[in-house]
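**Student:** This is the structure alone, sequence omitted:
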DNA sequence: TTTCATGCAAATGGTTTGCAGCCAC
DNA sequence: GTGGCTGCAAACCATTTGCATGAAA
């Protein structure tokens, strides 16, 4: 399937009633090229120097999250990471295996969580999502 | 099984080469009484007023984490939560179901993650743990 | 032209740290 | 008595916000 291009994002943003500024398009293209979740500052560093402000990166990511374009992940590093949402990334549902020491990240294709509708503990909660992350020590750090 | 008491913690800390100060013991007793993971500030508020400093709470939690006494959890709230580690809490392995809106937390007794030793994606990572959290909208917030 | 997005700088909030005094051992 | 703890205050760092300017529609 074709990767999302600037045109796709332009239309998507327009459909949501958001303006498609240079920065927003650049961020979305960046995110769709990245295979791993990035922190806001890492995204900022990958943009052309001086082309935008870190605050703008945060504001854009916030909008994108609201639209369901990106997912915000938290691996206990003291900062959040962002990746294109599964639907937008056209990627399979997946999880992460993070090295406790060097923070290297591998993708985990497996998901062990079945359909939940019949679980007693749900107790009326709706619209349930889950986050499953593995932590370990990678071969290089052992 | 008997709950951990001050004496137990005193011995535990001593065995680890740490002094058992009043604050540390109070924190450990607090944690062993709580059923839900608390933020550092919540722990601080539950201690006798003026009995210790917030910085000390953080420092203690850090030590405890290093000893494997407590687990640090991150639910994307912008702050960390701490709970007695499974072994110390004498509680069953469990997960959490967090309301996205009011942050109410239910315990999830089920774990869907099987023994991982044969999974290809492990690729030499050792000492693997996992964190599985569910997010939804609770009945009251719907 | 109108509205929304941005840059800049300052504020915020959780967490950490330096240092001098204090308490457990 | 000694060295690890603690309180206090300041530093830190990720993230947010106010406001005047600038760019997209």
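**Tutor:** Everything's here; your move. Worth saying up front: this structure is predicted, and the values here are computed from it rather than measured.
**Student:** thinking residue A:64 is in contact with residue A:28, fair?
**Tutor:** Yes - counting by CB atoms under 8 Å, residue A:28 is a contact partner of residue A:64 at 7.4 Å. All C-beta atoms are positioned from the backbone trio N, CA, C, and that covers glycine.
**Student:** what residues do the two have in common as contacts?
**Tutor:** With CB atoms under 8 Å, 6 or more residues apart in numbering or on different chains applied, the contact sets of residue A:64 and residue A:28 do not overlap.
**Student:** Next up, the contacts around residue A:79.
**Tutor:** By CB under 8 Å, 6+ apart, residue A:79 lies in contact with A:39-41.
**Student:** Nearest to DNA strand D among the residues you listed?
**Tutor:** Taking CB to the nearest atom of the strand as the measure, DNA strand D sits nearest to residue A:40 out of the contacts of residue A:79, at 4.1 Å.
**Student:** Report the buried residues of stretch A:92-100.
**Tutor:** Neighbour counts over stretch A:92-100 (16 or more other CB atoms under 10 Å in any protein chain shown) mark A:95-100 as buried.
**Student:** Narrow the contacts of residue A:79 to those that are buried.
**Tutor:** Going by neighbour count (16+ other CB under 10 Å), these have A:39-40 buried.
**Student:** show me what contacts residue A:93?
**Tutor:** Going by CB under 8 Å, 6+ apart, residue A:93 touches A:86, A:111.
**Student:** And the pLDDT for it?
**Tutor:** Model confidence at residue A:93, given as pLDDT, is 87.
**Student:** residue nearest the centroid of chain A?
**Tutor:** For chain A, the residue nearest the mean C-alpha position is residue A:83 (1.6 Å; CA atoms, centre = their mean).
**Student:** For beta bridges, what are the partners of that residue?
**Tutor:** Applying DSSP bridges to residue A:83 yields these beta-bridge partners: residue A:71.
**Student:** per-residue pLDDT, it?
**Tutor:** Here, the pLDDT recorded for residue A:83 equals 94.
**Student:** isn't residue A:68 right up against residue A:84?
**Tutor:** No - assessed by CB under 8 Å, residue A:68 is found out of contact with residue A:84, at 10.5 Å.
**Student:** Including secondary structure and pLDDT, could the contacts of residue A:79 go into a markdown table?
**Tutor:** Shown next, in a markdown table, are these (DSSP: H, G, I helix; E, B strand; the rest coil; pLDDT from 0 to 100):
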| residue | secondary structure | pLDDT |
| --- | --- | --- |
| A:39 | strand | 96 |
| A:40 | helix | 97 |
| A:41 | helix | 97 |
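**Student:** all strands for chain A, in order.
**Tutor:** Under the criterion DSSP state E, chain A contains strands at A:38-39, A:70-74, A:80-84, A:95-99, A:105-108, A:126-137.
**Student:** For DNA strand D, find the nearest of those.
**Tutor:** So among the strands of chain A, strand A:80-84 is nearest, using CB to the nearest atom of the strand, at 3.5 Å.
**Student:** ok, and what's touching the closest one?
**Tutor:** Applying CB under 8 Å, 6+ apart, the contact partners of strand A:80-84 are A:28, A:31-32, A:34, A:36-40, A:43, A:61, A:64-65, A:69-75, A:89, A:91, B:76.
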